[in-house]
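# no FASTA, just this:
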């Protein structure tokens, strides 16, 4: 089939604007773009490159906003992706009460 040339498009299906990861498990930044020719997608957090589609062990440092940009010969598109990291936290050091919290998204640590 013939696909006409098209500038990059980023939508919620290919590049969800909110993604939830769990500390200690593998997380993958999901961000794809549509277009013809196929766009190259690059993401960064705080100016540091963070390639999408690469699984990696999740830490609390991964929480935050990523800027993703897709480009091909016909143009470019970009979007922000917010990653929230679900993590376990403790009070009073080892042996203290534990709970679950979420980092990212609303900015702070919120108990669930």
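Looks like it arrived, so ask away. Only a predicted model underlies this, so the values are computations on that prediction, with no experimental measurement involved.

# Counting neighbours, what do you get for the closest residue in space to residue 85 that isn't next to it in sequence?
In space, and not counting its chain neighbours, residue 85 is closest to residue 63: 4.2 Å by CB to CB, 6 or more residues apart in numbering. Just so you know, the C-beta spots here come from the backbone N, C-alpha and C atoms, and that holds for glycine as well. Close neighbours of residue 63, defined as other CB atoms under 10 Å, add up to 22.

# before we move on, what about residue 47?
Residue crowding around residue 47 was assessed by other CB under 10 Å; the count is 6.

# and what of the one 5 residues further on?
Taking other CB under 10 Å as the neighbour definition, residue 52 ends up with a count of 18.

# which residue ends up closest to the midpoint of the chain in space?
With distances taken as CA atoms, centre = their mean, the residue of the chain nearest its centroid is residue 29 (4.2 Å).

# Contacts only, for the closest residue to it other than its chain neighbours.
Once flanking residues are discounted, residue 29 sits nearest to residue 52: 4.5 Å by CB to CB, 6+ apart. If you count contacts by CB atoms under 8 Å, 6 or more residues apart in numbering, residue 52 has them with 28, 29, 30, 31, 32, 41, 42, 43, 68.
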